[in-house]
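Visitor: Need a 3D model of the following:
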Amino acid sequence: MTTIPDVQLYAHSERLKGKVVLITGAAAGIGREAALQYARSKAKLVLGDLNEPGLEKVVSEIRRAGGEAIGLRCDVTTWDDQLKLFEAAIEAYHSVDVVVANAGVNEIGSFWKPKLENGKPTKPSLSTVNINLVGTIYTAHLALHYLDVNRTHESTLKSIVLLGSMASWQASAQGVVYSASKHAVLGLARAMHGPLSAKGIRVAVVHPFFTDTGLMTTMNRIAVAGIPLLPIERVAGTIIFSSTDPDIASTGAVWLLPDDGLLLRLEKEIVKGGVYDVIAERNKRFIG
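Guide: Residues are numbered from 1 along each chain as shown. Model (predicted):
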């Protein structure tokens, strides 16, 4: 595990000049802050979100500062919306270099309180899974194609960044479906990075602690009262660093922000001991 001080988060941001960065969930919170920071690094932004007024504000802010950005209404659970977002990137800027699958929500519905209809439980809400996981899979799948469109030998920066959570590692009984979705995002990144590394495409998954954004509900804030929230600027900086780090060994790494302290990079894990040794031995033919 490696500690990354804040002063290094933008150490490689010069690699972003003129690059095309696509971000979902970019109208507010982490997505908005990441968009602004990418724009300050002279990247061209393609932003998607359901919140059209918020999206327009971000695009306008970037343009007023002299940057380049376009925004489209995008429901990440709708394949055609995401397809249009990627197509808009090609139409406007002719390529896609960095994809940040940021769109996400907290727990929607109550797993622990089944709703009854005629005395029988009804289906639970899967909106959290559809947004956090299905939407992320759609984004990553589209990235496989669009990162290669008009790619040249000079296109040395190609990255996919997924947004996990500390709930990817420590499940919460207060967010059962959320925890399941974020565990799955971690699995998605682990499964993708080997094949994509061979194609020169970085894969990173960022895991923030409770961050001071609009997603923090009153109940969340009460639950973590007295614990410093993670500054949103550090999450955005981590997204940028994880997408621009030129060290080939860091692709596939996990980027952890477990508290309000410094960024931790966990290199591709080698699980050892007990049952993990048995699993690793039997599966070594199939995993990198």
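Visitor: thinking I4 is in contact with L257, fair?
Guide: No - contact criterion CB atoms under 8 Å: I4 and L257 do not qualify, at 10.1 Å. All C-beta spots, glycine's among them, are computed from the backbone N, C-alpha and C.
Visitor: Quick check: neighbours shared by those two?
Guide: Counting by CB atoms under 8 Å, 6 or more residues apart in numbering, the common neighbours of I4 and L257 are 238, 263-264.
Visitor: can you tell me which of those lies nearest to T78?
Guide: The nearest member of those to T78, counting by CB to CB, is T238 at 28.2 Å.
Visitor: average pLDDT across the helix or strand that contains the closest one?
Guide: According to DSSP states H and E, T238 maps onto helix 232-244. Mean pLDDT, helix 232-244: 95.
Visitor: ok, residues contacting that helix?
Guide: Outside helix 232-244, the residues that touch it by CB under 8 Å, 6+ apart are 4, 6, 8-13, 15-16, 29-30, 33-34, 36-38, 41, 98, 100, 102, 157, 159, 161, 202, 204, 206, 208, 211-213, 250, 253, 255, 257, 260, 263.
Visitor: So which of the residues you listed belong to strands?
Guide: 4, 98, 100, 159, 161, 202, 204, 206, 208, 255, 257, 263 (DSSP state E).
Visitor: which ones are touching the second one?
Guide: Right, the one you point to is V98. V98 makes contacts with 16, 19-22, 38, 43, 157-161, 243, as judged by CB under 8 Å, 6+ apart.
Visitor: change it to 6 Å
Guide: V98 makes contacts with 21, 159, 243, as judged by CB atoms under 6 Å, 6 or more residues apart in numbering.
Visitor: quick one: the second one and V203 touch, right?
Guide: Spelled out, it's S159. No - assessed by CB atoms under 6 Å, S159 is found out of contact with V203, at 7.5 Å.
Visitor: ok so, going back, just put the ones in strands among the contacts of helix 232-244 in CSV and tack on distance to S110.
Guide: CSV is the format used below for the ones in strands among the contacts of helix 232-244 (distance: CB to CB, whole Å):
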residue, distance to S110
I4, 37
V98, 37
V100, 30
S159, 37
V161, 31
R202, 38
A204, 33
V206, 28
P208, 24
W255, 31
L257, 28
L263, 34
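Visitor: Which one of those residues sits in the busiest neighbourhood?
Guide: V100 (31 neighbours; other CB atoms under 10 Å).
Visitor: quick one: that residue and L163 touch, right?
Guide: No - counting by CB under 6 Å, V100 stays clear of L163, with 7.6 Å between them.
Visitor: what bridges to I23?
Guide: Beta-bridge partners for I23, by DSSP bridges, are L47, V100.
Visitor: Next, count neighbours for it.
Guide: Applying the criterion other CB under 10 Å, we find 30 residues in the vicinity of I23.
Visitor: Can you check the pLDDT for it?
Guide: At I23, pLDDT is 98.
Visitor: quick one: it from S179, how far?
Guide: Separation of I23 from S179 (CB to CB, to the nearest Å) stands at 24 Å.
Visitor: Same check on I30?
Guide: 18 Å.
Visitor: same thing with K19?
Guide: For K19, the distance to S179 equals 34 Å [CB to CB].
Visitor: what does G66 give?
Guide: Distance from G66 to S179, by CB to CB: 42 Å.
Visitor: between those two, which one's more packed in?
Guide: Neighbours were counted for G66 and for S179 using other CB under 10 Å; S179 has more, 22 against 9.
Visitor: What backbone torsions are found at the nearest residue to P114 once chain neighbours are set aside?
Guide: Closest residue to P114 apart from its sequence neighbours, by CB to CB, 6 or more residues apart in numbering: P121 at 4.1 Å. Dihedral pair for P121: phi -70, psi 140, per degrees, to the nearest 10.
Visitor: repeat for the one 4 residues further on
Guide: For S125, the backbone dihedrals are phi -70, psi 130 (criterion: degrees, to the nearest 10).
Visitor: Based on its surroundings, how many neighbours for it?
Guide: 15.
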